[in-house]
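# the sequence and its predicted three-dimensional model are supplied below.
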Amino acid sequence: MSTRLGELIERLGGELRGDPDLMISGIAPLDIAQASHITFLSNPKLRSQASLSKAAALILSASDDEAIGASYPGARIITGNPYAYFARTAQLFASQRQIVAPPGIHPTASIDSGARIDSTASVGPHAVVEADAEIAGGCVIAAGCFIGRGASIGANTHFDARVVFHAGCVIGQNGIIHSGAVIGSEGFGFANEGGAWIKIPQTGRVVIGNDVQIGANTTIDRGALTDTVIEDGVKLDNQIQIGHNCHIGAHTAMAGCVGVAGSARIGKYCTFGGAAMVLGHLTIADHVHISSASMVSRSIREPGNYTGFYPLAKNADWEKSAAIVRNLAAMREKIRELEKSINSLTKN
Amino acid sequence: MSTRLGELIERLGGELRGDPDLMISGIAPLDIAQASHITFLSNPKLRSQASLSKAAALILSASDDEAIGASYPGARIITGNPYAYFARTAQLFASQRQIVAPPGIHPTASIDSGARIDSTASVGPHAVVEADAEIAGGCVIAAGCFIGRGASIGANTHFDARVVFHAGCVIGQNGIIHSGAVIGSEGFGFANEGGAWIKIPQTGRVVIGNDVQIGANTTIDRGALTDTVIEDGVKLDNQIQIGHNCHIGAHTAMAGCVGVAGSARIGKYCTFGGAAMVLGHLTIADHVHISSASMVSRSIREPGNYTGFYPLAKNADWEKSAAIVRNLAAMREKIRELEKSINSLTKN
Amino acid sequence: MSTRLGELIERLGGELRGDPDLMISGIAPLDIAQASHITFLSNPKLRSQASLSKAAALILSASDDEAIGASYPGARIITGNPYAYFARTAQLFASQRQIVAPPGIHPTASIDSGARIDSTASVGPHAVVEADAEIAGGCVIAAGCFIGRGASIGANTHFDARVVFHAGCVIGQNGIIHSGAVIGSEGFGFANEGGAWIKIPQTGRVVIGNDVQIGANTTIDRGALTDTVIEDGVKLDNQIQIGHNCHIGAHTAMAGCVGVAGSARIGKYCTFGGAAMVLGHLTIADHVHISSASMVSRSIREPGNYTGFYPLAKNADWEKSAAIVRNLAAMREKIRELEKSINSLTKN
């Protein structure tokens, strides 16, 4: 399959400098693109690589075009955000190759007679859909998914194989949940009585907005008495844990292995690096960015970039610095003594 | 459904100050409870909020009752541990609303003829139960669970959808295992020979006591030559990894994303904050409490609270402190030099 | 079942000092081995324990044999690498007890007519195999596995119950993937446009070599435009996350809960302790060893051992040291002031 360059412009915009009838077979990075590909330049450091690319066409910004447009022999598409344009172009090519799951319910699926499944939805082999669950048009519920009683899945949402989506939970339109994710498991709530733990029932739901993506083997617990909420446009990578009653603001993104303890309230447009951790009951403002492997132990009221991990060193060097870190209070005391000695010397 | 306040007292104890014929429809937190609800005060800081609550009844301690009982217009239940009383009240209301899985084996389940399943147990769609597995009375084995050959599941234990419980493993009574958990996977054991890894077979079991709860997507490996042991009353949150041959003492609780390396021996009544990590072959005493994101790299012989994570800071501030941490040995050397200079000045 | 000591030597080598007709029923650690067992000594610190062992036979090195051979009454096998010999002996005994999955496809499995499954492979209940997938001879695809369209699985590779292996992915021979692992989920790739995230399709594969082991609930994402690559002999423990387009060199081993962000390139013969984290787009040389809970934030060009975690302390001590770490820049400034004061005193 190939696409006319002109068709790309009609669909995605941008200013074309080159032949609209050029046929493009796919998209590839600068260094491996071949003569039938389109490629993209989103990092000015790669300008010289771009000007040497074999690709038939190049997506780039106006300023990069000023710098290298003349030296690149192929067609160019000028756009304000080349990386976003790349993403949309890649979507277009991917959609041409995509094998669409056929509508209808696989004969091996186990569907309660009280479930409401739109006729345009696809339900795969060995999937289970319980009573009163609702699956809207265009959904794909792949092999082995479990959809609990009364759950609701919005239009065109896609669950990969073996997603668990528990009773009463809700997700909006155009969502994606990857394999092994568990949505709506019971939160971790206990009262302690004489050392033993008494279970607090978890009767809230998980309520997820539109355009949300949830990664493989990620878990989101249902609320205790009220709901866990994931707003529109949130993107969660793999192996993430979201505790009960958390609230995650719109368009916030979290990389793999992040953990958020219960009742944390996270703002909109935040980002979390891999394995960042957030304690429970904290509030994090909008536009906060947490580095990988950093532990958020207090609320953050101001937007900005925050970090907290121990710097890596050769093992022997770490041994030294860690030993001193353990004894920093002694070092501070020593400095105070020196200061006193100097003060008394100065006075003399 | 509603419950008489007097019935609550008959079942759960406590001293009632108010009308036993009051009907209660459910339990809710102080701030959102409505006129038909019961609520609870477990934190004295919320006394003023409690006295303004709209709830029909309030669970509280004797000392909190002295402080605000007069100002709160509804009925009160006085109890020594209001949070535990709340948990039990919530259990009561949840049990009234719970949809009980019907006893019997779903026709799509795949059951070996040598499996022994009590007639009061429930086995869901597409579950698999292998030969010689034993499932006791009152168990719920939900959709898509896998129960390996010779595994044993005690009375009234509940597996959510898609639990994997491998061959030979054992769990006692009244347990709960959440979706996606894998119990009895092979431990990570290899001998190194010239750089390559030779697999050490993992032939032990996982043996789990009574009243244990295991979270979604948590993994517990079987032992190598002997067993991995989880004692009574242990509570494990989601995304936890327990290595082979670990031993976790009774009533210890671990929050999400904790990792425990192989052969660690952890005491009773311990708690672990989220993403705490424990190295292998360590011993941790009873009543040890590890903070979130802290790394336990040596055995802990004394009860108490232990912490070890790098404090979060604005990124620029972290850059500065991390650079100094890397060079703490140089700073210590500088201090020693200053001390010598001062000493020689003092002598003069 | 029992094995002649002489047969062990014939299969695994080593020098026997003792009766080759001795029958051995199994292998056990030094401290619990009984009279019918063979045991092993791989750590010279345990020499005195070994000399007292009840086991019928002992695997040990020549130097340990010099030290304790005379005092141990049983048979001895002298070998250069007793731990590797132990591993192979344990494999031998385990293979005698192993229940082999019968070849053939379980009647409840859902197999596309275009899948190619060798007649010696075993496919378990409720497994799903899509079109054009290829499963070679001797494979075991256990209950509830999902094998996507066009995936390829090499000879004698074993998937435990409920593995997800997505479309187009490839694994070589003699591999093991444990329950709940998800191979080939979509990578986490988005372009940002005005705060919202635009999905970048993930059209690469995961390509895995021979003799690779992957732990329970581990996730490996497919590449974006090119592939994620796991070379021969790599061993990954449970709960690991490998991002899109990573490349992991041969015989590298990672303990549980490790996270590797996208496009990291990791060398051969590396080891990673539990919960170590690697940022994206880094390069790590061969023979690099990262300690548990350490964060790799820059490329590592030299082999060696690297560490970076905050040392654990009693909570009150940590509070003190963490407060000073936050203000290390002020401490450095104070030292500079003291230095100036001393210098001016010295000049006077």
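In hand now; what should we look at?
# ok, the residue lying closest to residue A:209 once chain neighbours are set aside - contacts?
Using C-beta to C-beta, 6 or more residues apart in numbering or on different chains and skipping residues adjacent in sequence, the residue nearest residue A:209 is residue A:232, 3.7 Å away. All C-beta atoms are positioned from the backbone trio N, CA, C, and that covers glycine. Residues near residue A:232 by C-beta atoms under 8 Å, 6 or more residues apart in numbering or on different chains: A:172, A:209-212, A:250-251.
# now these: which count as buried?
When the contacts of residue A:232 are checked for burial by 16 or more other C-beta atoms under 10 Å in any protein chain shown, the buried set is A:172, A:209-212, A:250-251.
# dump those into JSON lines; add pLDDT and secondary structure as well.
Shown next, in JSON lines, are these (pLDDT from 0 to 100; DSSP: H, G, I helix; E, B strand; the rest coil):
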{"residue": "A:172", "pLDDT": "98", "secondary structure": "coil"}
{"residue": "A:209", "pLDDT": "98", "secondary structure": "coil"}
{"residue": "A:210", "pLDDT": "98", "secondary structure": "coil"}
{"residue": "A:211", "pLDDT": "98", "secondary structure": "coil"}
{"residue": "A:212", "pLDDT": "98", "secondary structure": "coil"}
{"residue": "A:250", "pLDDT": "98", "secondary structure": "coil"}
{"residue": "A:251", "pLDDT": "98", "secondary structure": "coil"}
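# C-alpha coordinates for the longest helix along chain A, PDB please?
Looking across chain A with DSSP state H, the single longest helix is helix A:328-347. Output of helix A:328-347 as PDB, limited to C-alpha atoms (Å, rounded to 0.1, in the frame of the first residue of the first chain):
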ATOM      1  CA  LEU A 328      26.000  13.700  58.100                       C
ATOM      2  CA  ALA A 329      24.800  14.900  61.500                       C
ATOM      3  CA  ALA A 330      28.300  14.300  62.900                       C
ATOM      4  CA  MET A 331      29.800  16.200  60.000                       C
ATOM      5  CA  ARG A 332      27.600  19.200  60.600                       C
ATOM      6  CA  GLU A 333      28.500  19.100  64.300                       C
ATOM      7  CA  LYS A 334      32.200  19.100  63.400                       C
ATOM      8  CA  ILE A 335      31.700  22.200  61.100                       C
ATOM      9  CA  ARG A 336      30.000  24.000  64.000                       C
ATOM     10  CA  GLU A 337      32.900  23.200  66.300                       C
ATOM     11  CA  LEU A 338      35.300  24.500  63.700                       C
ATOM     12  CA  GLU A 339      33.300  27.600  63.400                       C
ATOM     13  CA  LYS A 340      33.400  28.200  67.100                       C
ATOM     14  CA  SER A 341      37.200  27.700  67.200                       C
ATOM     15  CA  ILE A 342      37.600  30.200  64.400                       C
ATOM     16  CA  ASN A 343      35.400  32.700  66.100                       C
ATOM     17  CA  SER A 344      37.300  32.400  69.300                       C
ATOM     18  CA  LEU A 345      40.600  32.800  67.300                       C
ATOM     19  CA  THR A 346      39.200  35.800  65.500                       C
ATOM     20  CA  LYS A 347      38.100  37.500  68.700                       C
END
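# give the other helices and strands that that helix contacts.
The contact analysis (3 or more C-beta pairs under 8 Å, 6 or more residues apart in numbering or on different chains; DSSP states H and E) places helix A:328-347 against helix B:328-347, helix C:315-326, helix C:328-347.
# which positions in the stretch 101-250 of chain A make contact with chain C?
A:106, A:108, A:124-126, A:142-144, A:160-162, A:176, A:178-180, A:213, A:215-217, A:233, A:235, A:237-239 (C-beta under 8 Å from any C-beta of the partner chain).
# among those residues, which are located in strands?
A:176, A:213, A:235 (DSSP state E).
# run through the residues that contact the second one.
In other words, residue A:213. Under the criterion of C-beta under 8 Å, 6+ apart, the neighbours of residue A:213 are A:175-178, A:234-236, C:199.
# now the least confident helix or strand in chain A by mean pLDDT and helix B:328-347, what's the angle there?
Lowest on mean pLDDT, DSSP states H and E among the helices and strands of chain A sits helix A:328-347, with a mean of 89. The directions of helix A:328-347 and helix B:328-347 differ by 30 degrees, with axes from the mean of the first three to the mean of the last three C-alpha atoms, to 10 degrees as the criterion.
# which residues of the stretch 1-150 of chain A lie near chain B?
Within the stretch 1-150 of chain A, the positions near chain B by C-beta under 8 Å from any C-beta are A:108, A:110, A:126, A:128, A:144, A:146, A:148-149.
# out of the residues you listed, which is nearest to residue C:90?
Within these, the smallest distance to residue C:90 is 34.1 Å, found for residue A:144 (C-beta to C-beta).
# returning to that earlier point: neighbour count and pLDDT for the residues of the stretch 1-150 of chain A next to chain B - can I get that in CSV?
Converted to CSV, these look like this (neighbours: other C-beta atoms under 10 Å in any protein chain shown; pLDDT from 0 to 100):
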residue, neighbour count, pLDDT
A:108, 19, 98
A:110, 21, 98
A:126, 29, 98
A:128, 28, 98
A:144, 32, 98
A:146, 29, 98
A:148, 24, 98
A:149, 16, 98
